[in-house]
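In: When you get a sec, could you give me coordinates for this:
(chains A, B, C and D)
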There are 4 protein chains.
Amino acid sequence: MKDKEDILRRARVNVGHLEGVERMIERDEYCIDVIRQIQAIQSSLNRLSAKILENHLNTCVTTAVRGDDPDAREKVLGEITEVFQAANRM
Amino acid sequence: MKDKEDILRRARVNVGHLEGVERMIERDEYCIDVIRQIQAIQSSLNRLSAKILENHLNTCVTTAVRGDDPDAREKVLGEITEVFQAANRM
Amino acid sequence: MKDKEDILRRARVNVGHLEGVERMIERDEYCIDVIRQIQAIQSSLNRLSAKILENHLNTCVTTAVRGDDPDAREKVLGEITEVFQAANRM
Amino acid sequence: MKDKEDILRRARVNVGHLEGVERMIERDEYCIDVIRQIQAIQSSLNRLSAKILENHLNTCVTTAVRGDDPDAREKVLGEITEVFQAANRM
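Out: Sure thing, here's the model as predicted:
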């Protein structure tokens, strides 16, 4: 994975923030503040997913689309539509 | 656009449903029912977008990725990451 | 409904924009531009829903929560959790 | 917080799953599988937020709405509209 270090770093930051949410709940912090913090993590996870997708498009997808195997091509393109549709439902 | 008739039909159905929301508001229907109906339309618009993306991947994107112009390739792949990231925010 | 005129106007604007999407598809406009326009409508529908929810909270929900019927109270609060959870999936 | 144990348990499960995503990235697992796993975590965070909101509605919101302070009432209701609108953008 290209940008692997950047992607890993983003994933770790989110683990840290989610542990922060755990502590907020333990300390009985105000519910709305906890929800806002969870929403901030979800936004951050969106950017993480987009980064991983960008990497995927420039490597596996490009290789498959340029390759000679129509099944491989169909598979990678179908997966993009699938995660796009799922993203809408997050 | 391949599947143009199917895509157009889906777009028209959503226009009809949104006109229905307008009438629900005019008739002072129960707020939660109006919100649920709007959410149903948003789900339907997600499927419409996914259908259009699927078509795009199989036509323009495939052509650009197989082509010899690195700028065109970068452009189409960047656009996919962009609409994916925006989808998460819908 | 308080703010009924503002809410109706917003609903109508979205009908108009969705008819615009229909025309974009008919004219074979660029897929990514169509998707972006659909995403803009979804954002606008989010604001419309939030406006309707705000109105609902200040009317029906306030009345039910201040009232003496525990079932009515439970019903209105349960509906808010429900549309909130559904919103996340849009 | 009522249901505090259930809410805490859900938060911890998500921390564990997000650490799993970190390991998937480290081991260079297939990008689409990583994205699907992130999307599953986002769905789970939605349910966590909804659970916290439900708790909030039944405690703080009910108290404020039944209370005599119009500013407190306005504040709690405004916050619900705000997190609802943000939820749509996740």
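In: tell me which parts of chain A are close to chain B?
Out: A:43, A:46-47, A:49-50, A:53-54, A:57-58, A:61-62, A:65-66, A:73, A:77-78, A:80-81, A:83-85, A:87-90 (CB under 8 Å from any CB of the partner chain). In short, each C-beta sits where N, CA and C put it, glycine included.
In: what sits against A:Gly39?
Out: No, residue A:39 isn't Gly; it's Gln. D:49, D:83, D:86-87, D:90 (CB atoms under 8 Å, 6 or more residues apart in numbering or on different chains).
In: Mind putting those residues into TSV with secondary structure?
Out: Shown next, in TSV, are these (DSSP: H, G, I helix; E, B strand; the rest coil):
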residue	secondary structure
D:Ser49	helix
D:Val83	helix
D:Ala86	helix
D:Ala87	helix
D:Met90	coil
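In: sec struct for the residue of chain A most remote from its centre, please.
Out: Computed with CA atoms, centre = their mean, the residue of chain A farthest from its C-alpha average is A:Asp68, at 29.4 Å. What three-state DSSP gives for A:Asp68 is coil.
In: follow-up on the earlier one: what about burial for the residues of chain A next to chain B, which qualify?
Out: Buried by 16 or more other CB atoms under 10 Å in any protein chain shown: A:46, A:49-50, A:53-54, A:57-58, A:61-62, A:65, A:73, A:77, A:80-81, A:83-85, A:87-90, out of the residues of chain A next to chain B.
In: any idea how far C:Ser43 is from the residue positioned nearest the centre of chain A?
Out: Centroid-nearest residue in chain A, with CA atoms, centre = their mean: A:Ser49, separated by 2.1 Å. As judged by CB to CB, to the nearest Å, A:Ser49 and C:Ser43 stand 19 Å apart.
In: One more: A:Ala86?
Out: 19 Å.
In: OK, contacts around the residue nearest to A:Val76 when sequence neighbours are not counted?
Out: The shortest distance from A:Val76 to any non-neighbouring residue, by CB to CB, 6 or more residues apart in numbering or on different chains, is to A:Ala64 (4.3 Å). With contacts defined as CB under 8 Å, 6+ apart, A:Ala64 is in contact with A:72-73, A:75-76.
In: Relative to A:Asp28, which of the residues you listed is nearest.
Out: A:Val76 (47.0 Å; CB to CB).
In: give me the number of residues near that closest one?
Out: A count of nearby residues for A:Val76, using other CB atoms under 10 Å in any protein chain shown, gives 20.
In: Likewise for A:Lys75?
Out: A:Lys75, neighbours per other CB under 10 Å, totals 13.
In: Which helix or strand contains it?
Out: helix A:70-88 (DSSP states H and E).
In: Are there helices or strands packed against that helix, and which ones?
Out: With contacts defined as 3 or more CB pairs under 8 Å, 6 or more residues apart in numbering or on different chains; DSSP states H and E, the packing partners of helix A:70-88 are helix A:31-56, helix A:62-66, helix B:31-56, helix B:70-88, helix D:31-56.
In: what residues does that helix touch?
Out: A:46, A:49, A:53, A:57, A:60-61, A:64-65, A:67, B:43, B:46-47, B:49-50, B:53-54, B:57-58, B:61-62, B:80, B:83-84, B:87-88, B:90, C:90, D:32, D:35-36, D:39.
In: Pull the distance from it to the chain's centre.
Out: The chain centroid and the centroid of helix A:70-88 are separated by 15 Å under CA atoms, centre = their mean, to the nearest Å.
In: Taking helix C:31-56 as reference, get the angle to that helix.
Out: 20 degrees (axes from the mean of the first three to the mean of the last three CA atoms, to 10 degrees).
In: pLDDT value on the residue farthest from the centre of chain A, please?
Out: At A:Asp68, the model reports a pLDDT of 93.
In: How about A:Arg89?
Out: Note on A:Arg89: pLDDT of 65.
In: Can you list the low-confidence ranges for chain A?
Out: A:89-90 (pLDDT under 70).
In: 90 instead, please
Out: Applying pLDDT under 90 to chain A flags the ranges A:1-3, A:87-90.
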